[in-house]
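**Student:** next comes the sequence, and after it the predicted model I'd like to discuss.
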Amino acid sequence: MSSVPGGDLDEQVKEYLLYRGFTSAARAFEVELNKSSTSSAVGGANFSATSSGFVDKACNVDKLVDSIMNLISVHDLIQLTNLWNFISRKFLTNADAAQSVALRKIELSLYRCYLVNCVTSGRSDKVVEFFEKSAKLLPHYDWGEWYGLPYVKNPELNDRFAPFFQRSWQETFTISLHNFLNVVLFTSPKPSLMSYRQEASVLQNLKDENYLLKEQLTSKHQTSMETTLEAKIGNSSADNPGSQVRSPEEYQGTRSYLKEVFKKAIPKASSLAPYKGKLRKQPFPVIANSEASEEVSSHLGTSLNSVQQVAEVEAGASSYSAVLVNSLPPSSFTSSDCIESRSLHSTNKGWRVSADQASPAFSASLSDSMKPALSSSNEPYIMLSKDIYSQHSSNVSHCRFSPSGSQVVSTDTSGIVKVWSCDKSTPTNATIMSKSQIMAVEWVPSKDDNLLLLGNDKSTIRLYDVANKRSVQEAETPSIFPAVISLCSSPTGSRLLSSQCSASHISSSITCWDMKTFQIERQLQLPASNVRAFSLDFNHNGSLVALGCSDGSVRIFDVQQNEQLMNWNVSNVKMVSVFVMNVKFSFDESTVYTLCSNGTLAMWSLHKPGVKRFEFALTQKSINFQISNFYPRLFATDSQDRKFVVPSENGFQILKRTEDDFKSCQKIATSGKAASCLDWCVASSTAAVVNGASSNSLVVCQLLEK
């Protein structure tokens, strides 16, 4: 395959066909590829690639002409018309005047060849069919005497039609058609799919350039910090008459030594990007490694004991300070550190930026002022910023990123829905007020990323257009099941599943809706009416759905057939009631992830239903579930399920999935409580996590992968 131009592109096409389930098309495509490879090996190449066109081995004009002539011979008018219209639309839209004239002549001859072939084969019915549809097919052509062709006996002897029945005319037309298509395809730009290599190359060049810029920025930051510290050391020596005066050689040695200490104490920031406008200005980051600080103190001598200068660096060191100060655990702050906390209020209503501000002076000893610890080198992310969104007036119940990650929707217990972005210049995009409680929220995949589904406790499911700030459609659930506790849209946006229960939360039902008409397609049958589905998740094409239920079971349904394919219980202890709060298919759909009310995150095999691969147990203080009222998202994954975000004791934590285990690799404190709802959006090397903790505000953390 590699010897054929675009061979890797052919593999991508086959992968797409199999992914969509077009198995017959994939087999036919494979057959055509094999034929093409064989003919190329035997006959060699007939065309060469050019910069302006794409006529090469990957574009076979002979086969295209053979396909057209075959449709003529089998009298398939519909397929012939569709094929020719497609060629005209794709390749001849921007044709010049000469090509437009040639196109009209070729098209006219094409249909005349079709009619001649029908008459020669004795298919007068096909001739009549053609003229019955000719007004729609060829409205700009005046066929004149050709409309009488079905009624002319022996048209091959008629002076008007005889030239078209001669073999020489048909051969001439075939050659003209071949030459015309060859010229058109030769001068046409390549199909967009065939330019992916060039686009990938451009993207890689941009990544390389970005990496070099990051390295340059890191080098400048390090030099700036070294210079600042040296200047303050020099000033302190000048102010202290009793300090020793160092020679240039000693000072140069100190400079080199400081440089080495900075390399050890400050983590490499080669992955940092200049996030302009997103980083807070914070005080100069003090070195956290106590051993390194003591070593510096002893090396510099007693002259450092008198240093009491303001340790603040302006914008040049802001990215380091945001990284270092935000990563300090509460336990590392003591009274001797002279650390004070304050909130900086943004000019935009609803936002405030939380910052830890260091004291404006070092303590008497340099080693004492260097106590706050840097983030561990094993942590996968660096904290860039931590912002607070406080537009809600009551406890936040849900928070979800839109599919593209550009917007966040959050709801509270008073029925207020806020749609906002992490860009503080325009924090709130839309506000939706409801007289009833919003129990479930879901984004609908769309081009504009603006369609939102809301389910309340009054039997209503609403489709809301965020951009135009209006309701598009509404549907009502049965009155006996007024509380819509979960919503899930298919990846294509064509189908919706809703889980609703009675006001007492005892009985429930699951409904499948058609998103175009907002009409009920079918009801999924659960084994018992008292089983509630707290969480729903579609697979990649919307044919399967996973249910996390109140009886501790996970159920996989075939939505089309309305059939339960498999189910298992997450707990073997029958005396203990365990709820499946969240369920999610893995990206390769070979496993299912569940988060239960006992705080267990587990990975289950779909090839062997009920077999647990491994699990991770949250601590008791990490469990902040509100089972009686709302069922929000409480864990999220990246695109390939390599990292997970789950609640922790005072915020959230990031887990790393290995081959046989979940491992906690980073904890981030956002409040005094565990997250009661959370979501995250991962794009390239950056990630944004939004979470609420039973309060009226949400914390948005911008993270950078190391």
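**Tutor:** Now that the structure is in, tell me what you want to look at.
**Student:** any weak-confidence spans in the stretch 501-650 of the chain?
**Tutor:** Residues of the stretch 501-650 of the chain meeting the criterion pLDDT under 70: 575, 626-628.
**Student:** all the strands of it, residue numbers only.
**Tutor:** All strands of the stretch 501-650 of the chain, identified by DSSP state E, counting those that start in this stretch, fall at 508-514, 519-524, 533-538, 544-549, 553-558, 563-569, 580-585, 591-596, 600-605, 612-617, 636-637, 643-648.
**Student:** closest to Asn450 out of the ones you listed?
**Tutor:** Asn450 sits nearest to strand 508-514 of all the strands of the stretch 501-650 of the chain, at 19.4 Å, using CB to CB. Bear in mind the C-beta positions are built from the backbone N, C-alpha and C, glycine included.
**Student:** quick one: strands adjacent to the closest one?
**Tutor:** Looking at strand 508-514 with DSSP bridges, its partner strands are strand 495-501 (antiparallel), strand 519-524 (antiparallel).
**Student:** among the ones you listed, which is nearest Pro150?
**Tutor:** Pro150 sits nearest to strand 519-524 of all those, at 47.0 Å, using CB to CB.
**Student:** how about the strands of the stretch 351-500 of the chain, start to end?
**Tutor:** Counting by DSSP E, counting those that start in this stretch, the stretch 351-500 of the chain has strands at residues 351-357, 381-389, 396-401, 408-412, 416-420, 428-433, 438-444, 451-456, 460-465, 470-476, 483-489, 495-501.
**Student:** okay if I get those strands as JSON lines plus mean neighbour count and distance to Asp514?
**Tutor:** Output for the strands of the stretch 351-500 of the chain, formatted as JSON lines (neighbours: other CB atoms under 10 Å; distance: least, CB to CB, whole Å):
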{"stretch": "strand 351-357", "mean neighbour count": "17", "distance to Asp514": "40"}
{"stretch": "strand 381-389", "mean neighbour count": "22", "distance to Asp514": "35"}
{"stretch": "strand 396-401", "mean neighbour count": "24", "distance to Asp514": "23"}
{"stretch": "strand 408-412", "mean neighbour count": "25", "distance to Asp514": "23"}
{"stretch": "strand 416-420", "mean neighbour count": "21", "distance to Asp514": "24"}
{"stretch": "strand 428-433", "mean neighbour count": "15", "distance to Asp514": "24"}
{"stretch": "strand 438-444", "mean neighbour count": "23", "distance to Asp514": "13"}
{"stretch": "strand 451-456", "mean neighbour count": "24", "distance to Asp514": "14"}
{"stretch": "strand 460-465", "mean neighbour count": "19", "distance to Asp514": "12"}
{"stretch": "strand 470-476", "mean neighbour count": "13", "distance to Asp514": "10"}
{"stretch": "strand 483-489", "mean neighbour count": "24", "distance to Asp514": "12"}
{"stretch": "strand 495-501", "mean neighbour count": "26", "distance to Asp514": "7"}
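**Student:** quick check: which of those strands is nearest to Val583?
**Tutor:** Comparing the strands of the stretch 351-500 of the chain by CB to CB, strand 483-489 comes nearest, at 10.1 Å.
**Student:** give me the helices and strands touching the closest one, please.
**Tutor:** strand 438-444, strand 451-456, strand 460-465, strand 495-501, strand 533-538 (3 or more CB pairs under 8 Å, 6 or more residues apart in numbering; DSSP states H and E).
**Student:** and the angle from that strand to strand 544-549?
**Tutor:** 150 degrees (axes from the mean of the first three to the mean of the last three CA atoms, to 10 degrees).
**Student:** dump strand 483-489 to CSV, restricted to CA.
**Tutor:** Provided in CSV are the C-alpha atoms of strand 483-489 (Å, rounded to 0.1, in the frame of the first residue of the first chain):
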residue,chain,number,x,y,z
ALA,A,483,-38.5,14.5,37.8
VAL,A,484,-36.0,14.3,34.9
ILE,A,485,-32.9,13.1,36.7
SER,A,486,-30.6,12.4,33.8
LEU,A,487,-30.2,13.4,30.1
CYS,A,488,-27.9,12.1,27.4
SER,A,489,-27.6,13.2,23.8
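**Student:** returning to that earlier point: CSV please, covering the helices and strands packed on strand 483-489 and showing distance to Val699.
**Tutor:** Output for the helices and strands packed on strand 483-489, formatted as CSV (distance: least, CB to CB, whole Å):
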stretch, distance to Val699
strand 438-444, 19
strand 451-456, 22
strand 460-465, 25
strand 495-501, 29
strand 533-538, 23
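**Student:** helices along this structure, start to end?
**Tutor:** Along the chain, counting by DSSP state H, helices occupy 7-20, 23-43, 61-73, 77-91, 97-120, 124-137, 162-165, 167-187, 196-239, 248-265, 290-300, 318-326.
**Student:** looking at the ones you listed, which one has the lowest mean pLDDT?
**Tutor:** Mean pLDDT is lowest for helix 318-326 among these, at a mean of 39.
**Student:** and of the strands of the stretch 501-650 of the chain, who's closest to Ala162?
**Tutor:** When these are compared by CB to CB, strand 508-514 sits nearest Ala162, at 57.8 Å.
**Student:** list the buried residues of the closest one.
**Tutor:** Of all the residues in strand 508-514, those buried under the rule 16 or more other CB atoms under 10 Å are Ser508, Ser509, Ile510, Thr511, Cys512, Trp513.
**Student:** between that strand and strand 451-456, how big is the angle?
**Tutor:** Taking the same axes, to 10 degrees, one finds strand 508-514 and strand 451-456 inclined to each other by 150 degrees.
**Student:** out of the strands of the stretch 351-500 of the chain, which gets nearest to Phe616?
**Tutor:** Across these, Phe616 has its closest neighbour in strand 381-389 (18.2 Å, CB to CB).
**Student:** list the contacts for Val559?
**Tutor:** Arg495, Leu497, Cys512, Arg522, Leu524, Gly542, Ser543, Leu544, Val545 (CB atoms under 8 Å, 6 or more residues apart in numbering).
**Student:** about what we covered before: want to throw the buried residues of strand 508-514 into JSON lines with distance to Thr637?
**Tutor:** As requested, the buried residues of strand 508-514 are exported to JSON lines (distance: CB to CB, whole Å):
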{"residue": "Ser508", "distance to Thr637": "27"}
{"residue": "Ser509", "distance to Thr637": "29"}
{"residue": "Ile510", "distance to Thr637": "24"}
{"residue": "Thr511", "distance to Thr637": "27"}
{"residue": "Cys512", "distance to Thr637": "25"}
{"residue": "Trp513", "distance to Thr637": "26"}
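**Student:** for Asp448, phi and psi?
**Tutor:** phi -90, psi -10 (degrees, to the nearest 10).
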